[in-house]
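Asks: what follows is a predicted structure for the sequence shown.
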Amino acid sequence: MSHSKIFITRLIPDLGLALVREHFPAADIWPADLPPTREQLLEKVRGVDGLLCMLTERIDAELMDAAGPQLKVISSMSVGVDHIDIAEATKRGIPVGNTPGVLTDATADQAFALLLATARRVVEGVDYIREGQWITWHPQLLLGADLAGATLGIVGFGRIGQAVAKRAQGFDMRVIYHSPSAQPAHNAQRVDLDTLLRESDFVSINVPLTEKTRHLVNAEFLAKMKPTAVLVNTARGGVLDQTALYNALKSDQIFAAALDVTDPEPLPMNSPLLELKNCIIVPHLGSASHKTRNLMSKLAVENLIAGMDGDKLPNCVNVDVCRS
Ligand code: DGY
């Protein structure tokens with residue numbers, strides 16, 4: 001049991017919470033559903049030794065200054081770390097932990113759920129009934145796209161991209177992928193991005209958000225896709241230029257899109273994307289299963305404990321800091 005000063009920015013699932021209670025009984029846990037505001041966060045981190053945050057908090061130099069030089073570890077309950085200034089943490093020798101691996105299957109499931117829902121127009125079908133439009137079976141009602149025999153193009157072939165490819169095998173899809181370094185797996189064939197966009201009936205975005213991938217999906221990218229293609233983004237909203245996507249969907253340049261993530265989050269209610277029938281948007285639910293969120297919380301707390309003990313984090317993002 002440690003008496004270190006710990007701040008946790010949200011009430012985390014039971015598996016992680018039990019570990020917190022055991023190791024840091026005096027931990028300060030933000031109790032509200034909404035995250036702390038920036039001001040509240042800067043106040044709460046003052047003097048903390050360890051911070052466990054979510055992807056909703058911006059962790060930058062200002063925040064690290066507010067915390068103070070005693071800050072020993074930053075642990076995020078997420079695999080994505082685009083909300084954290086890793087270079088700044090590294091400069092200060094603060095290890096940053098994340099939660100890869102445990103959410104791979106859940107996120108790949110979500111990509112497939114969205115892919116199927118979009119291809120087969122599930123949400124439009126639900127709306128159709130709710131709006132009282134269902135009069136009869138019709139041979140041409142809400143026709144969509146087949147998966148069997150179609151080509152799935154995966155942009156980014158890390159853990160999640162590969163798990164998407166694995167699922168596609170069960171649907172008899174041909175799989176191609178674009179990645180600068182990943183080796184082929186699950187019968188997927190590596191191709192350049194232009195070939196992927198030209199040949200794919202479905203495009204799944206599975207790259208992390210970095211300066212290189214910001215707005216990777218732009219007007220030019222969308223113009224290279226087939227007019228019958230479906231785009232699915234379960235990575236980060238910032239990878240996609242939403243204005244370009246709106247224009248492509250509105251003008252039927254592509255068939256449909258499904259977004260698990262947007263930029264910003266939450267998506268403003270006046271976003272024009274919300275007017276489109278051929279665009280499904282869900283509120284960043286890629287890892288949202290009971291089991292996965294529990295495992296993420298456990299891993300995030302394990303990273304926190306290791307950092308507080310001065311041990312190597314089970315999953316360290318800035319490995320140079322963890323190595324020393
Ligand atoms: C992550 O962990 O980065 C995911 O986006 C959460 O769903």
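Replies: Done, it's in.
Asks: okay, how far is it across stretch 278-287, tip to tip?
Replies: 24 Å (C-alpha to C-alpha, to the nearest Å).
Asks: list the buried residues for that stretch?
Replies: Neighbour-count burial for stretch 278-287, counted by 16 or more other C-beta atoms under 10 Å, picks out 278-282, 284, 286-287. Every C-beta, even on glycine, is put in place using the N, C-alpha and C of the backbone.
Asks: close to the ligand: what parts of the stretch 51-200 of the chain are there?
Replies: Residues of the stretch 51-200 of the chain lying close to the ligand (C-beta under 6 Å from any ligand atom) are 55, 78-80, 103.
Asks: for the stretch 101-250 of the chain, just list every one of the helices.
Replies: Assignment of helices within the stretch 101-250 of the chain using DSSP state H, counting those that start in this stretch yields the ranges 104-119, 122-130, 159-170, 193-199, 219-223, 242-250.
Asks: out of the residues of the stretch 51-200 of the chain next to the ligand, who's the most crowded?
Replies: Tallying neighbours with other C-beta atoms under 10 Å puts L103 at the head of those, with 26 neighbours.
Asks: including secondary structure, could the residues of the stretch 51-200 of the chain next to the ligand go into TSV?
Replies: Shown next, in TSV, are these (DSSP: H, G, I helix; E, B strand; the rest coil):
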residue	secondary structure
L55	coil
S78	coil
V79	coil
G80	coil
L103	coil
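Asks: give me the nearest residue to the residue in the stretch 201-324 of the chain positioned nearest to the ligand, chain neighbours excluded.
Replies: Closest residue of the stretch 201-324 of the chain to the ligand, C-beta to the nearest ligand atom: S287 (3.5 Å). If the residues on either side of it in the chain are set aside, S287 comes closest to L103, at 3.9 Å by C-beta to C-beta, 6 or more residues apart in numbering.
Asks: so that neighbour versus K44, what's the distance?
Replies: According to C-beta to C-beta, to the nearest Å, L103 stands 26 Å off from K44.
Asks: measure stretch 188-206 end to end?
Replies: 15 Å.
Asks: buried stuff in it?
Replies: 188, 190-191, 196-197, 200-206.
Asks: with stretch 30-43 instead?
Replies: 30, 35-36, 41.
Asks: in helices, which of those appear?
Replies: Among these, the residues falling in helices (DSSP state H) are L41.
Asks: wait, which of the buried residues of stretch 30-43 is closest to A223?
Replies: Nearest to A223 among the buried residues of stretch 30-43 is P35, at 37.1 Å by C-beta to C-beta.
Asks: correct me if wrong: that closest one contacts M54.
Replies: Yes - between P35 and M54 there is a contact at 6.7 Å, judged by C-beta atoms under 8 Å.
Asks: who touches both of those two?
Replies: 9-10 (C-beta atoms under 8 Å, 6 or more residues apart in numbering).
Asks: adding mean pLDDT, write the helices of the stretch 101-250 of the chain out as CSV.
Replies: As requested, the helices of the stretch 101-250 of the chain are exported to CSV (pLDDT from 0 to 100):
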stretch, mean pLDDT
helix 104-119, 98
helix 122-130, 98
helix 159-170, 98
helix 193-199, 98
helix 219-223, 98
helix 242-250, 98
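Asks: residue contacts, E199?
Replies: Per C-beta under 8 Å, 6+ apart, neighbours of E199: 151, 153, 176, 191.
Asks: per-residue confidence for the last one?
Replies: Pointing back at V191 there. The score at V191 is 98. That number is its pLDDT.
Asks: residue ranges with poor pLDDT in the chain?
Replies: Within the chain, the stretches with pLDDT under 70 are 1-2, 323-324.
Asks: domain parsing of it, as residue ranges.
Replies: 6-102+290-323, 104-281 (automatic domain parsing).
Asks: mind jotting down where the strands sit in this structure?
Replies: Applying DSSP state E to the chain gives strands spanning 6-8, 28-29, 50-53, 73-76, 96-97, 151-155, 174-178, 189-190, 202-205, 230-233, 256-259, 279-281.
Asks: any idea which of these gets closest to P314?
Replies: strand 96-97 (7.3 Å).
Asks: residues touching that closest one, excluding its own?
Replies: With C-beta under 8 Å, 6+ apart as the criterion, strand 96-97 contacts 73-76, 81, 84, 86, 89-90, 299-300, 303-304, 306-307, 313-318, 321.
Asks: output the helices of the stretch 101-250 of the chain as JSON lines; include the columns distance to L231.
Replies: Below are those laid out as JSON lines (distance: least, C-beta to C-beta, whole Å):
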{"stretch": "helix 104-119", "distance to L231": "8"}
{"stretch": "helix 122-130", "distance to L231": "15"}
{"stretch": "helix 159-170", "distance to L231": "13"}
{"stretch": "helix 193-199", "distance to L231": "10"}
{"stretch": "helix 219-223", "distance to L231": "8"}
{"stretch": "helix 242-250", "distance to L231": "7"}
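Asks: of all those helices, which lies closest to A235?
Replies: Smallest distance to A235 across these (C-beta to C-beta): 8.1 Å, for helix 159-170.
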